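Asker: no letters, just coordinates:
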């Protein structure tokens, strides 16, 4: 199989999951679709995580706009035994990382920043646009 951007992203995401206590990593579009995921993350869980991460990021961005705080740098959600990190990964893309209760937040933030820089050359998940209309109806 020839290397593609998605294959390259997979190994980069898998590399991120090698960081202590990082369980899963995912690149998603701004509208909540899975662009690429680490191998450790099942597809159904990836789809749920992508939709949730997109929503959380959007809420944060809305709060930032309302209070003139500038763009979102990172969203962090701490659960009882997991921590979710969400950051911008270029135009129209986000990076979500899920760690366990022992994850080092500083290390994850640093590694996410490094990964975002590396994947920038592969990524710019294009915003979805409606297909051309046929007889006055938009394509599906």
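Answerer: Nice, I can see it. From a predicted model like this one, the values you see are computed outputs, not experimental measurements.

Asker: report the central residue of this protein.
Answerer: residue 95 (2.6 Å; Cα atoms, centre = their mean).

Asker: so where does it fall, helix or strand?
Answerer: Element membership for residue 95, per DSSP states H and E: strand 93-100.

Asker: that older thread, ok, the residue nearest to the centre of the chain - contacts?
Answerer: Applying Cβ atoms under 8 Å, 6 or more residues apart in numbering, we find residue 95 in contact with 25-28, 85-89, 112, 115-116, 119. Quick note: C-beta positions are derived from backbone N, CA and C, even for glycine.

Asker: can you redo these as CSV with distance to residue 62 and neighbour count?
Answerer: Shown next, in CSV, are these (distance: Cβ to Cβ, whole Å; neighbours: other Cβ atoms under 10 Å):
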residue, distance to residue 62, neighbour count
25, 25, 31
26, 22, 26
27, 22, 27
28, 18, 28
85, 19, 22
86, 14, 26
87, 17, 21
88, 15, 18
89, 19, 26
112, 22, 22
115, 26, 21
116, 22, 18
119, 26, 22
